[in-house]
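A.B. asks: I would like the atomic coordinates for the input below:
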Amino acid sequence: MKKYLPLSLVVLLMTTLTSCSAIEGIFKAGVWSGVILVVIVLALIIWVISKIFGGRG
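C.D. replies: Model (predicted):
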């Protein structure tokens, strides 16, 4: 029964979700994860630069 659970979950999702809404959900998650990643990287770069140049004063 355990090997049929993932297959039945996929079949359930395929019948309840249309392809357009599934693709839309994937792209929305991708956009938001990309935005969050860019913000984190920029904050890290600003923090490193402030430690390098601002720590001497």
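A.B. asks: The most centrally placed residue in the chain sits in which helix or strand?
C.D. replies: In the chain, the C-alpha nearest the mean C-alpha coordinate belongs to S33, at 3.4 Å (C-alpha atoms, centre = their mean). In the assignment (DSSP states H and E), S33 maps to helix 19-54.
A.B. asks: thinking again about what came up before, per-residue pLDDT of the residue nearest to the centre of the chain, please?
C.D. replies: If you check S33, the pLDDT there is 87.
A.B. asks: How about the one 5 residues further on?
C.D. replies: At V38, the pLDDT value in this model is 91.
A.B. asks: quick one: V48 and V41, what's the gap?
C.D. replies: The gap separating V48 from V41 is 11 Å, by C-beta to C-beta, to the nearest Å. (Glycine included, C-beta is placed from N, CA and C.)
A.B. asks: same thing with G34?
C.D. replies: For G34 relative to V41 (C-beta to C-beta), the value is 11 Å.
A.B. asks: What of L7?
C.D. replies: Counting by C-beta to C-beta, the gap from L7 to V41 is 39 Å.
A.B. asks: Averaging pLDDT per element, find the lowest-scoring helix or strand in the chain.
C.D. replies: None of the helices or strands of the chain scores lower by mean pLDDT, DSSP states H and E than helix 5-16, at a mean of 76.
A.B. asks: now the angle between helix 19-54 and that helix, please.
C.D. replies: On the basis of axes from the mean of the first three to the mean of the last three C-alpha atoms, to 10 degrees, helix 5-16 is oriented at 110 degrees to helix 19-54.
A.B. asks: Off-centre distance for helix 5-16?
C.D. replies: 23 Å (C-alpha atoms, centre = their mean, to the nearest Å).
A.B. asks: Which neighbouring elements make contact with it?
C.D. replies: Helices and strands touching helix 5-16, as assessed by 3 or more C-beta pairs under 8 Å, 6 or more residues apart in numbering; DSSP states H and E, are absent.
A.B. asks: Format the CA atom coordinates belonging to it as CSV.
C.D. replies: What follows is helix 5-16, C-alpha atoms only, in CSV (Å, rounded to 0.1, in the frame of the first residue of the first chain):
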residue,chain,number,x,y,z
LEU,A,5,0.3,6.2,-2.0
PRO,A,6,2.5,8.6,-4.0
LEU,A,7,0.9,7.4,-7.3
SER,A,8,-2.6,8.0,-5.9
LEU,A,9,-1.5,11.4,-4.7
VAL,A,10,-0.2,12.4,-8.1
VAL,A,11,-3.4,11.1,-9.8
LEU,A,12,-5.5,13.1,-7.3
LEU,A,13,-3.6,16.3,-8.0
MET,A,14,-3.8,15.7,-11.7
THR,A,15,-7.5,15.4,-11.6
THR,A,16,-8.2,18.3,-9.2
